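# have a look at this prediction, sequence included:
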Amino acid sequence: MTATVIDGKAVAASVRESVAREVAELPVAPGLATVLVGDDPASSVYVRNKRRQCVAAGIRDLHRHLPADIGQHALATVIDELNADPTVTGILLQLPLPAHLDSAALIARIDPDKDVDGLTPISAGRLAQGHPGLRPCTPAGVMELLDAYRVPLEGSHAVVVGRSTLVGKPQAQLLLQRNATVTICHSRTRDLPAVCREADILIAAAGVPGLIGSAAVWPGATVIDVGIHRGADGLCGDVDYEQVRGVAGAITPVPGGVGPMTIAMLLRNTVHAARLRMRAVEASGAAS
Ligand code: NAD
């Protein structure tokens, strides 16, 4: 069997197009405030890409570049200002922050209705309890890929390898919300290949290059590779692509699979946040 290759670039492009259409229909263009602290080269590249794609979709670029030595209090004040600014629809605090800053406290300060990365404890709680809210971009992008390729979720067994706050846990909850039967694996899971072989849908987000080989994949399973690693031969994922594509029914490549979805979902979250805000303003108008 040769797997269908899930084309994340194409799905991301169609998400970006639909976001651009939705932005054009809004009475006021949403604004995204990316906050970059310092000059870490990788973070600078990520933020530049996010800003470029946000402008291309018609979203206003309200970027803030802050010095690497900014203090906790000063950065908290910037977040408070962005929370209070009605022209700011979404706030994205680029991680990692310099070591002297308490990232968790700063993320928790972001207004959950502007939390376009979906990382505040309130956003996580809304997801865990099944309430509407902004979802973390990478796992939301995985759901979009599964839907684009019409992978049946309800009643399917999904195995998520990884339990991070950023990917694994929200991924499992998003799958659960769609009525999949979900197993979460992690670094202490015994006999990982045996557990993974139970999966109709296998999502690898462990951050270990080539962790998932063909012995961990049931023939015909859908395999989504969230991992990204830069090696001597370029980028690779957590899945041994050459081995697994001979067994899986469908597979995401690295690069060109999950990666392009993350920024596309950030744009979608920004439009979603704009709609939440419009509804809140309308509701407060109706109540007064
Ligand atoms: P993390 O290090 O925070 O979490 C890794 C998780 O994998 C942990 O829960 C750990 O228990 C589990 N794990 C580690 N080794 C394991 C093993 N041998 N067997 C089973 N489980 C194991 O990482 P993260 O932030 O969740 O990211 C995971 C990967 O996804 C990384 O490669 C990262 O670069 C990538 N990533 C990609 C995107 C994207 O846009 N495509 C976004 C975020 C993260």
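Structure's in. What do you need?
# show the pLDDT at the residue of the stretch 1-150 of the chain found nearest the ligand.
Going by CB to the nearest ligand atom, the ligand is nearest to Thr138 of the stretch 1-150 of the chain, at 4.0 Å. C-beta coordinates here come from the backbone N, C-alpha and C atoms, glycine included. pLDDT, Thr138: 98.
# over to Ala99?
Looking at Ala99, its pLDDT is 97.
# can you confirm it is in a strand?
No: assessed with DSSP: H, G, I helix; E, B strand; the rest coil, Ala99 is coil; it does not lie in a strand.
# regarding this protein, what is its longest strand?
Counting residues, the longest strand found in the chain (DSSP state E) is strand 31-37.
# name the strands paired with that one and say parallel or antiparallel.
Here strand 31-37 has these sheet partners by DSSP bridges: strand 60-61 (parallel), strand 64-66 (parallel), strand 90-93 (parallel).
# the second one: which residues count as buried?
Going back to what we said before, that points to strand 64-66. By 16 or more other CB atoms under 10 Å, the buried positions in strand 64-66 come out as Arg64.
# how close does Pro67 sit to Glu81?
Distance, Pro67 to Glu81, using CB to CB, to the nearest Å: 16 Å.
# so which strand or helix has Val47?
Assigned by DSSP states H and E, Val47 belongs to helix 41-56.
# repeat for Arg163
Under the criterion DSSP H and E, no helix or strand holds Arg163.
# ok, the residue nearest to it when sequence neighbours are not counted - contacts?
Leaving aside its chain neighbours, Arg163 sits nearest to His186 (4.6 Å; criterion: CB to CB, 6 or more residues apart in numbering). By CB atoms under 8 Å, 6 or more residues apart in numbering, the contact list for His186 reads 161-163, 168.
# re earlier: just give me how far the helix holding Val47 sits from the chain centre.
The chain centre lies 15 Å from the centre of helix 41-56; the measure is CA atoms, centre = their mean, to the nearest Å.
# over to stretch 4-24?
14 Å.
# other SSEs contacting the longest helix seen in the chain?
The longest helix of the chain (DSSP state H) is helix 259-287. Judged by 3 or more CB pairs under 8 Å, 6 or more residues apart in numbering; DSSP states H and E, the packing partners of helix 259-287 are helix 8-25, helix 41-56, strand 90-93, helix 137-148.
# ok now it, how far from the chain's centre?
Counting by CA atoms, centre = their mean, helix 259-287 comes out at 16 Å from the chain centroid.
# show me what counts as buried in it.
259-274, 276-277.
# what of stretch 118-128?
Neighbour counts over stretch 118-128 (16+ other CB under 10 Å) mark 118-120, 122-124, 126-127 as buried.
# how far does it sit from its chain's centre?
Here stretch 118-128 is found 13 Å from its chain centre; the criterion is CA atoms, centre = their mean.
# could I get the average pLDDT for that stretch?
On average, stretch 118-128 scores 98.
# quick one: terminal-to-terminal distance for stretch 20-32?
Separation of the first and last residues of stretch 20-32 by CA to CA, to the nearest Å is 14 Å.
# average pLDDT for that stretch?
Averaged across stretch 20-32, pLDDT comes to 97.
# which bits of the stretch 151-288 of the chain sit near the ligand?
The stretch 151-288 of the chain comes close to the ligand at residues 161-164, 166-168, 185-187, 189, 192, 205-208, 211, 226-228, 258-259, 262, as judged by CB under 6 Å from any ligand atom.
# mind checking which of the residues you listed are buried?
For those, a burial check counting by 16+ other CB under 10 Å picks out 161-164, 166-168, 185, 189, 192, 205-207, 211, 226-228, 258-259, 262.
# so which of these are in strands?
161, 185.
# quick one on the thing from earlier: what sits up against the longest strand of the chain?
Residues outside strand 31-37 that contact it (CB under 8 Å, 6+ apart) are 43-44, 47, 50-51, 54, 59-68, 70, 75, 78-79, 82, 85, 87-94, 97-98, 101, 116, 266, 270.
# need the buried ones from these selected in PyMOL.
Selection command for PyMOL covering only the buried members of those, criterion 16+ other CB under 10 Å:
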select buried, resi 43+47+50+51+54+59+60+62+63+64+70+75+78+79+82+88+89+90+91+92+93+94+97+101+116+266+270
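# find the nearest non-adjacent residue to Gln171, please.
For Gln171, the spatially nearest residue (CB to CB, 6+ apart) is Pro139, at 3.9 Å.
# I meant Ile6, not that one.
Excluding the flanking residues, the one nearest Ile6 by CB to CB, 6+ apart is Thr252, at 4.6 Å.
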